[in-house]
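Colleague: Got a predicted structure here, sequence first:
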Amino acid sequence: MKTTTLKSLALFALVCTLPFVWQSCTEGKGKDSTVPKGNTAQVPVRVVSLSKSTSSGSITASGKLSTDDETTLGFKTAGVVNAVFVKEGDQVKKGQLLATLDLTEVNAQASLARHNYEKAQRDFQRITNLYRDSVATLEQLQNTQTGLSIAKEQLDAANFNRIFSEIHAPSNGFVLRKFVNAGQVVSSGAPILMTNGAVKGKWVLKIGVSDKQWSSISVKDKATVKMDAFPDRTFSATVSHKSETSDPQTGTFTIELEVKNEDARLATGMFGAVEIQSHEALSSWSVPYEAVLDANGNEGFVFITNDHKTAIKQPVIIESFNGKNIRISHGLEDAKALIIAGSAYLSDHSPIQIIK
């Protein structure tokens with residue numbers, strides 16, 4: 001009887017403790033289910049508000065120096081290069097012989113054309129005499145006259161090819177490039193040498209600008225040019241030409257400026273930084289250079305935020321760069337704030353925390 005009572009009490013105690021054990025397990029599962037999954041850490045960033053400003057009307061860019069009469073020279077006919085008499089950097093005079101082809105084949109063709117022409121002359125003279133004596137017909141006379149004309153044109157063409165199997169300097173200047181050496185086989189019109197007329201002092205600086213900058217530049221706009229080779233000098237320049245089409249590779253428009261030079265020893269290929277005084281003020285965004293990432297030509301991207309909670313990756317078009325700030329012409333029309341610090345740790349739609 002006593003044993004039965006003890007068993008009953010133990011069973012009663014077990015039943016009473018089950019709800020508490022179940023509640024404890026349930027609460028444990030509930031707490032585990034509220035643990036956040038994944039990385040939702042906010043990236044600390046600094047931002048600035050955006051507003052358009054009007055620049056002073058000056059446009060800055062850089063480009064290479066060249067002359068307005070750079071010329072690529074080649075042979076009229078194909079053949080074997082016999083000799084190239086100049087090297088890169090050599091000064092040349094107008095009419096100076098620069099390179100020749102092996103003239104064996106060209107001279108043979110010219111000689112053959114001359115013999116054919118002489119024979120056509122004799123045939124024409126003989127048929128003319130026979131026609132006067134009423135021995136040859138008018139048709140025979142006309143045929144020999146046509147043959148003489150054809151032979152004369154073939155001789156002219158052979159002589160023309162003979163002349164242009166040699167390259168002569170078109171003007172006083174310098175040899176910029178030498179593309180071949182003696183013994184090479186070249187095709188008709190292949191580049192052999194590049195020359196310029198640098199002794200004339202007509203120097204041109206070519207730069208690439210955006211479409212918006214292009215529209216604000218006019219021919220005869222004034223500009224200044226600085227070069228690393230002459231750090232203490234500033235050269236005056238004038239816009240001399242605007243391209244009407246964009247470069248298919250860079251998307252920029254070419255502007256040519258004539259650089260005024262009196263006594264400086266300039267060289268083709270020198271880099272120059274130019275500032276053009278545009279006739280029209282430009283309205284764009286000025287942003288710190290740290291905010292623009294992966295700049296390539298006039299393209300790049302920035303991070304913006306419209307809700308101060310999420311970063312958005314935004315492509316932009318770069319207008320100019322002055323060493324401290326970058327002017328953006330397109331891409332920020334709908335942006336409310338620009339991220340200027342912490343961008344390196346962001347990706348598109350990253351959560352952010354704004355700090356001051």
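Modeller: Thanks, I have it.

Colleague: what about the helices in the stretch 201-350 of the chain?
Modeller: 211-216 (DSSP state H, counting those that start in this stretch).

Colleague: low-confidence ranges in the chain?
Modeller: 1-40, 54-57, 198-201, 279-282, 322-323 (pLDDT under 70).

Colleague: Domain map for it?
Modeller: Domain assignment for the chain by automatic domain parsing gives 45-54+283-354, 60-68+202-277, 71-102+165-197, 104-163.

Colleague: and those domains as JSON lines, adding mean neighbour count?
Modeller: Quick note: C-beta positions are derived from backbone N, CA and C, even for glycine. Listed next are those as JSON lines, based on neighbours: other CB atoms under 10 Å:
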{"stretch": "domain 45-54+283-354", "mean neighbour count": "16"}
{"stretch": "domain 60-68+202-277", "mean neighbour count": "17"}
{"stretch": "domain 71-102+165-197", "mean neighbour count": "16"}
{"stretch": "domain 104-163", "mean neighbour count": "15"}
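
Colleague: quick one: contacts for the nearest residue to residue 159 once chain neighbours are set aside?
Modeller: Once flanking residues are discounted, residue 159 sits nearest to residue 110: 6.0 Å by CB to CB, 6 or more residues apart in numbering. Residue 110 makes contacts with 155, 158-159, 161-162, as judged by CB atoms under 8 Å, 6 or more residues apart in numbering.

Colleague: which ones among those are found in helices?
Modeller: 155, 158-159, 161-162 (DSSP state H).

Colleague: and which of the residues you listed is nearest residue 273?
Modeller: Set against residue 273, the nearest of the ones in helices among the contacts of residue 110 by CB to CB is residue 161 (46.8 Å).

Colleague: roughly how far apart are that closest one and residue 223?
Modeller: Distance, residue 161 to residue 223, using CB to CB, to the nearest Å: 46 Å.

Colleague: now residue 301
Modeller: According to CB to CB, residue 301 and residue 223 sit 30 Å apart.

Colleague: Could you do residue 41 as well?
Modeller: Noted for residue 41: a distance of 50 Å to residue 223, by CB to CB.

Colleague: Ok, residue 315 next?
Modeller: Distance from residue 315 to residue 223, by CB to CB: 30 Å.

Colleague: now swap in residue 170 and tell me
Modeller: Distance, residue 170 to residue 223, using CB to CB: 29 Å.

Colleague: need the contact list for the residue nearest to residue 63 when sequence neighbours are not counted.
Modeller: Residue nearest to residue 63 in three dimensions, not counting chain neighbours: residue 207, with 3.7 Å by CB to CB, 6+ apart. By CB under 8 Å, 6+ apart, the contact list for residue 207 reads 61-63, 254-255, 257, 274.

Colleague: Kindly report the same for residue 163.
Modeller: Taking CB under 8 Å, 6+ apart, one finds nothing in contact with residue 163.

Colleague: Check the one 3 residues further on too.
Modeller: With CB under 8 Å, 6+ apart as the criterion, the residues that contact residue 166 are 97, 99-101.

Colleague: hmm, try it at 6 Å
Modeller: Contacts for residue 166 (CB atoms under 6 Å, 6 or more residues apart in numbering) come out as residue 100.

Colleague: so what's the backbone phi/psi at it?
Modeller: phi -130, psi 150 (degrees, to the nearest 10).

Colleague: How about it: which residues does it bridge to?
Modeller: Per DSSP bridges, the residues bridged to residue 166 are residue 100.

Colleague: Include distance to residue 219 when you put the contacts of residue 207 into CSV, please.
Modeller: Supplementary listing: these in CSV, determined by distance: CB to CB, whole Å:
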residue, distance to residue 219
61, 16
62, 20
63, 17
254, 13
255, 10
257, 10
274, 15
